[in-house]
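**Student:** Structure, please.
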Amino acid sequence: MSADVNDLNLREPDTFDWDEYEPSAGVYVLPPAGIYRLLPIELPVVGATQQDHYLQFELGPLAVMADGRPWDGFKINYQRVNVKPWPKRRSHGVADYLTSHGYQGRPQSNDDYIAAVQSLVNHPCVGVIDHKVYCKSCGYTLKGQDKLPKDESGATVTRMVCPNGCRETRVNEQTGEATEQAKMLFVNVEVRAFVPPERLK
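**Tutor:** Numbers count the residues shown, from 1 in each chain. Below you'll find the model as predicted:
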């Protein structure tokens, strides 16, 4: 039996702007490792590599394009590419990124590269994606969906306890009580490589 509203000592709700309502995205589903079309939906952040100061871009979010799949629209954040030459290949990350769009230009200066990368917002590219787990506390890293643990159904887990025994403090939102627990690591998705569009065919 419901309590009488008059007995609950309720406060009035805060004014809510229904024109600005944002629906829940629901439970996110990680895209399986593979080759996908990816859509950059915001301008990249322009920066520099820490040690040698090459031009660097922080891309993202990159939206996975997979019509009809549960992971369609999944966003990959904090993906970085720069113009520092690869040590064993005559290319660099930005050149691979441009080529993955089918870009035909030949930029040379920093300004050229900035203009080229910024022009590709909302134009799909192609990338090889995979899963990664990282612990900021101890540096533990595990790369590759095939290396991650599986749950009872055989599906790849989306989070796991740090195997090095790291701990973290969690606060119960309802009681405010803080407890120390095993640190939980969340599985992230990263672009392992940007590849030419024909790789998707």
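
**Student:** Of all residues in this structure, which one is nearest the centre?
**Tutor:** Computing the C-alpha centroid of the chain and ranking residues by C-alpha atoms, centre = their mean puts I76 first, at 2.6 Å.

**Student:** What is the longest strand of this structure by residue count?
**Tutor:** Criterion DSSP state E: the longest strand present in the chain is strand 125-134.

**Student:** picking that back up, would you quantify the distance from the residue nearest to the centre of the chain to I129?
**Tutor:** Here the criterion is C-beta to C-beta, to the nearest Å. By it, I76 lies 7 Å from I129. In short, each C-beta sits where N, CA and C put it, glycine included.

**Student:** which residues do the two both contact?
**Tutor:** Taking C-beta atoms under 8 Å, 6 or more residues apart in numbering as the criterion, I76 and I129 both touch L38, V64, V189, E190, V191.

**Student:** Surely the last one is within a strand?
**Tutor:** Yes: V191 sits within a strand when classified using DSSP: H, G, I helix; E, B strand; the rest coil.

**Student:** Please name the bridge partners of the residue nearest to the centre of the chain.
**Tutor:** Counting by DSSP bridges, I76 is bridged to L62.

**Student:** ok, now which ones touch it?
**Tutor:** I76 is in contact with L38, G60, P61, L62, A63, V64, I129, V189, E190, V191, counting by C-beta under 8 Å, 6+ apart.

**Student:** can you pull out the strands in the protein?
**Tutor:** Per DSSP E, the chain carries strands over the ranges 34-40, 45-48, 55-59, 62-65, 75-76, 79-82, 125-134, 141-143, 159-161, 167-171, 178-182, 184-186, 188-194.

**Student:** Looking at the ones you listed, which is nearest to D151?
**Tutor:** Among those, strand 159-161 comes nearest to D151, with 10.1 Å by C-beta to C-beta.

**Student:** Mind listing the strands the closest one pairs with, and their directions?
**Tutor:** In the sheet, strand 159-161 lines up with strand 184-186 (antiparallel) (DSSP bridges).

**Student:** As TSV, the contacts of I76 with pLDDT would be great.
**Tutor:** Listed next are the contacts of I76 as TSV, based on pLDDT from 0 to 100:
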residue	pLDDT
L38	98
G60	79
P61	95
L62	97
A63	96
V64	97
I129	97
V189	96
E190	96
V191	97
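
**Student:** could you dump these to CSV with distance to Q118 and neighbour count?
**Tutor:** Formatted as CSV, these follow (distance: C-beta to C-beta, whole Å; neighbours: other C-beta atoms under 10 Å):
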residue, distance to Q118, neighbour count
L38, 16, 26
G60, 14, 19
P61, 16, 17
L62, 15, 26
A63, 17, 20
V64, 21, 22
I129, 23, 24
V189, 24, 23
E190, 22, 17
V191, 18, 25
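
**Student:** Most widely separated two among those residues?
**Tutor:** Spatially, the most separated pair among those is A63 and E190, at 14.6 Å (C-beta to C-beta).

**Student:** For the nearest residue to V81 once chain neighbours are set aside, give me its contacts.
**Tutor:** Residue nearest to V81 in three dimensions, not counting chain neighbours: G93, with 3.5 Å by C-beta to C-beta, 6 or more residues apart in numbering. Neighbouring residues of G93 by C-beta under 8 Å, 6+ apart: R80, V81, N82, V83, K84, W86, F194.
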